[in-house]
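In: with the input below, show me the fold.
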Amino acid sequence: MEPPPQPSAMDALHEAGIRAAVALQAGPPWLEQFWLFLSSQLDPNSIYTVCFPLARGLDEHVSLMVLWIALAAEWLNVVLKWFLFGERPYWWMHESGLSEREQLPLRQFPITCETGPGSPSGHCMILGAALWPIVTALSKAASRYSRSRLLRLIPFLLYVLLLVAMGLSRVFVLAHFPHQVISGSLAGMALGWGLQRRPPNFLRVRFFLLTALGLLLSALALHGLGTAAGLDLDWSLRRASARCSEPAWLRPETRPWASLCRVSGSALGLALAARHPPSRRELQGLEPPLGSATLGLLALDVLHKLPKSDGTALWYLNVGARYALGPVLVGSLLPQLILSVRRLRANP
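Out: Down below sits the predicted model:
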């Protein structure tokens, strides 16, 4: 009788990740609610709909950098997931036979069943990249009020703690293995640091139009080349459908193509917003800017809660249109609307 095959190093890494998820899910109930809240409320979509408009309360340039870095990070994350073929815990434990060899006290949640490949973690990578300009802006602001090095480091310490908590939450809900959240966090930090050093000119309409087209066409080309080379880049959709405990938890917004529509739409929105930007002299009239930021937050919340079309093609087109409208609302239409109202009040 032949001995059973020895598990590979990757299998051992995956099994260690499953043990970590078991330990996390065995924690107190209040901690469970914290993990679920963090993983559901700080998903990649929140960068576009929450962090971007709120960052305008800090600085206009910072908010545009948040959006620009987020869309670059999300595009890269989709491409890496296609070609790294990362597993997800909620299906790997069944596909590997681990769940048959022993009883695992693990549960799935409505946010568990993401349909794209698992490596690297998009939550950690996109959040880590997009929050970098906010953290550096807060650190610089602290240095203007105090020479204390500790005060300047506090934003970075909170940033690291947030990424650690996000990584634990993704392991908890069985969406990622620990090595995937670590690689995603490190990639996000590096990307945020690198892109912030070379910011684009946000008034160049042609640049962002070409970016929107380039991001979508390059993704289509890479997917087509991978498929022509014999790679099955849609394998994760079948795994997710087979292993998700509730079919209703398979959300279309977790598909890679939904991410690419979000990215291309946001780049197009930056181009449209750059056509009619309010001048810096006019923006000074919006001080304090929190009112404009709050109005933008509410407008985006209403925009993204509108019902979407049922057909697949129309659904993706609808997603792209909403994310294209977001930068226009926050960066151009709402500030100009507030300025117009104030002019009318000043000169009835």
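
In: in this protein, which helix or strand is least confident?
Out: Sorting the helices and strands of the chain by mean pLDDT, DSSP states H and E puts helix 280-283 at the bottom, at a mean of 55.

In: next helix or strand past that helix?
Out: helix 290-305 (DSSP states H and E).

In: mind exporting that next one as PDB, just the C-alpha atoms?
Out: This file holds the C-alpha atoms of helix 290-305, laid out as PDB (Å, rounded to 0.1, in the frame of the first residue of the first chain):
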ATOM      1  CA  LEU A 290     -16.700  69.900   5.300                       C
ATOM      2  CA  GLY A 291     -20.100  71.100   4.100                       C
ATOM      3  CA  SER A 292     -19.200  70.400   0.500                       C
ATOM      4  CA  ALA A 293     -17.600  67.000   1.500                       C
ATOM      5  CA  THR A 294     -20.800  66.000   3.400                       C
ATOM      6  CA  LEU A 295     -23.000  67.000   0.500                       C
ATOM      7  CA  GLY A 296     -20.800  64.900  -1.800                       C
ATOM      8  CA  LEU A 297     -21.000  61.900   0.600                       C
ATOM      9  CA  LEU A 298     -24.800  62.100   0.600                       C
ATOM     10  CA  ALA A 299     -25.100  62.500  -3.200                       C
ATOM     11  CA  LEU A 300     -22.900  59.500  -3.800                       C
ATOM     12  CA  ASP A 301     -24.800  57.400  -1.300                       C
ATOM     13  CA  VAL A 302     -28.100  58.200  -3.200                       C
ATOM     14  CA  LEU A 303     -26.400  57.600  -6.600                       C
ATOM     15  CA  HIS A 304     -25.200  54.100  -5.700                       C
ATOM     16  CA  LYS A 305     -28.400  53.000  -4.000                       C
END
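
In: so Leu216 is in contact with Leu260, correct?
Out: Yes - using Cβ atoms under 8 Å, Leu216 is in contact with Leu260, at 6.2 Å. Heads up, the C-betas are built off the backbone N, CA and C, glycines and all.

In: more neighbours, the two?
Out: Taking other Cβ atoms under 10 Å, Leu216 and Leu260 do not tie; Leu260 has more neighbours (24 against 20).

In: now for that one: which residues touch it?
Out: Trp75, Val78, Leu215, Leu216, Ala219 (Cβ atoms under 8 Å, 6 or more residues apart in numbering).

In: pretty sure the second one sits against Ser259.
Out: Yes - using Cβ under 8 Å, Val78 and Ser259 qualify as a contacting pair, with a distance of 5.0 Å.

In: find residues that contact each of the two.
Out: Shared contacts of Val78 and Ser259, defined by Cβ under 8 Å, 6+ apart, comprise Gly116.

In: which parts of the helix or strand that contains Val135 are buried?
Out: Taking DSSP H and E as the criterion, Val135 maps to helix 132-145. Using 16 or more other Cβ atoms under 10 Å as the test for burial, helix 132-145 gives Trp132, Pro133, Ile134, Val135, Thr136, Ala137, Leu138, Ser139, Ala142.

In: and if you look at stretch 189-203?
Out: Met189, Leu191, Gly192, Leu195, Gln196, Phe202.

In: same check on stretch 82-91?
Out: Quick answer for stretch 82-91 (16+ other Cβ under 10 Å): Trp82, Gly86, Glu87, Arg88, Pro89, Tyr90, Trp91.

In: quick check, nearest of those residues to Ala21?
Out: Pro89 (5.9 Å; Cβ to Cβ).

In: distance of the closest one from Gly118?
Out: 8 Å (Cβ to Cβ, to the nearest Å).

In: what residues are shared contacts of those two?
Out: Ala175, His176, Phe177.

In: could I get those residues as JSON lines with pLDDT?
Out: Converted to JSON lines, the shared contacts of Pro89 and Gly118 look like this (pLDDT from 0 to 100):
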{"residue": "Ala175", "pLDDT": "97"}
{"residue": "His176", "pLDDT": "97"}
{"residue": "Phe177", "pLDDT": "97"}
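
In: in TSV: these, plus neighbour count.
Out: Output for the shared contacts of Pro89 and Gly118, formatted as TSV (neighbours: other Cβ atoms under 10 Å):
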residue	neighbour count
Ala175	26
His176	32
Phe177	28
